[in-house]
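Colleague: Whatever this is, show me its structure:
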Amino acid sequence: MANDAALRSSLVWLAAIIVCVGAYTYSFKKMLATYVFGMFAIAGVLLPDWDFFDRHFSQWGSLVTLDDANSASAQRSIWTRLSAASIREREMRLLTHNMLSSNIKGVTSGFPLRLEVEKVVEKQVDFNADFLKNMFVKIEWKALVDASRAMGYADLPDQTEPSMLDSEEFLKKFHHALLELHLEEGALICPETGRRFPVNKGIPNMLLHEDEV
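Modeller: Residues are numbered from 1 along each chain as shown. Purely as a prediction, here's the structure:
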């Protein structure tokens, strides 16, 4: 690419010099040379990447290897997973709620955020017992129970014990509350200051004002 840039620059300067010489001497041959080099100079300026021709035209007869195909497929798969993950992260389900807190300056007890519920939607998620068992030890249980009840789901027990993880019935209730209940419209309320963080279309707005940072 550095050589291409130098070549383009040289063509531009050469064309400029020939234009000046041709205009000064009124020479037809020099003017013709000016035209030819001018065309090359324009091509040099306008083409963003001369390697484009090598990449797209000189290899028309080549075959795509299995490794290339697998690599492209893997990249698409990774992009799909990242896109899906980014969408899931924006959804205001109770798994997300259990990890959020108020970070307003001076607040010492910003968790859990209270729920102001206007609209709840249920979205089906594939059941994964291993995931639930791993998440169980990371979840603040009382916060999950209170939040699920605020959203109209009262099937979670107040107290839990590790043996409950062997119960598929319990895991399904846990699964439903944690992953399938979504706060579509409403707000998250800082328990200490009462500050509202609105939730619109399932997306919580946790941005702070200047005086809150």
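Colleague: Please look at Leu208 and Ile104 and confirm they touch.
Modeller: Yes. Counting by CB atoms under 8 Å, Leu208 touches Ile104, with 6.3 Å between them. For glycine as for every other residue, the C-beta is placed from the backbone atoms N, C-alpha and C.
Colleague: between those two, who's got more neighbours?
Modeller: Neighbour totals were compared for Leu208 and Ile104, and Ile104 leads with 17 against 13 (other CB atoms under 10 Å).
Colleague: wouldn't that one be in contact with Ile189 here?
Modeller: No. The criterion here is CB under 8 Å, and Ile104 misses it with Ile189 at 11.8 Å.
Colleague: So for those two, which residues contact both of them?
Modeller: Shared contacts of Ile104 and Ile189, defined by CB atoms under 8 Å, 6 or more residues apart in numbering, are found at Arg195.
Colleague: Is Gly152 in a helix, a strand, or coil?
Modeller: coil (DSSP: H, G, I helix; E, B strand; the rest coil).
Colleague: I'd guessed it sits against Val120; true?
Modeller: Yes. Counting by CB under 8 Å, Val120 is a contact partner of Gly152 at 6.3 Å.
Colleague: quick one: low-confidence ranges for the chain?
Modeller: 1-16, 18-90 (pLDDT under 70).
Colleague: residue boundaries of the strands in it?
Modeller: In the chain, the segments counted as strands under DSSP state E are 114-122, 181-189, 196-200, 203-204.
Colleague: neighbouring contacts of the last one?
Modeller: Just to be clear, that refers to strand 203-204. Defining contact as CB under 8 Å, 6+ apart, one finds that strand 203-204 is touched by Arg90, Glu91, Met92, Thr96, Leu100, Leu188, Phe197, Pro198.
Colleague: which among those end up buried?
Modeller: The neighbour count (16 or more other CB atoms under 10 Å) marks Glu91, Met92, Thr96, Leu100, Leu188, Phe197 as buried among these.
Colleague: from the residues you listed, which is closest to Val125?
Modeller: Glu91 (10.2 Å; CB to CB).
Colleague: possible to save the strands of the chain as TSV with distance to Met135?
Modeller: As requested, the strands of the chain are arranged in TSV below (distance: least, CB to CB, whole Å):
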stretch	distance to Met135
strand 114-122	19
strand 181-189	15
strand 196-200	22
strand 203-204	20
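Colleague: Please identify the most buried of those strands.
Modeller: strand 181-189 (a mean of 20; mean count of other CB atoms under 10 Å).
Colleague: Out of the contacts of strand 203-204, which comes closest to Gln124?
Modeller: So of the contacts of strand 203-204, ranked by how close each gets to Gln124 (CB to CB), first place is Glu91, at 13.0 Å.
Colleague: Next up, the contacts around that closest one.
Modeller: Residues counted as contacts of Glu91 (CB under 8 Å, 6+ apart) are Lys123, His182, Gly202, Ile203.
Colleague: State the distance from it to Asp211.
Modeller: 30 Å (CB to CB, to the nearest Å).
Colleague: burial measure for Asn205, as a count.
Modeller: So Asn205, with other CB under 10 Å, has 11 neighbours.
Colleague: Quick check: nearest residue in space to it, chain neighbours excluded?
Modeller: Distance criterion CB to CB, 6 or more residues apart in numbering; nearest residue to Asn205, sequence neighbours excluded, is Pro198 at 5.3 Å.
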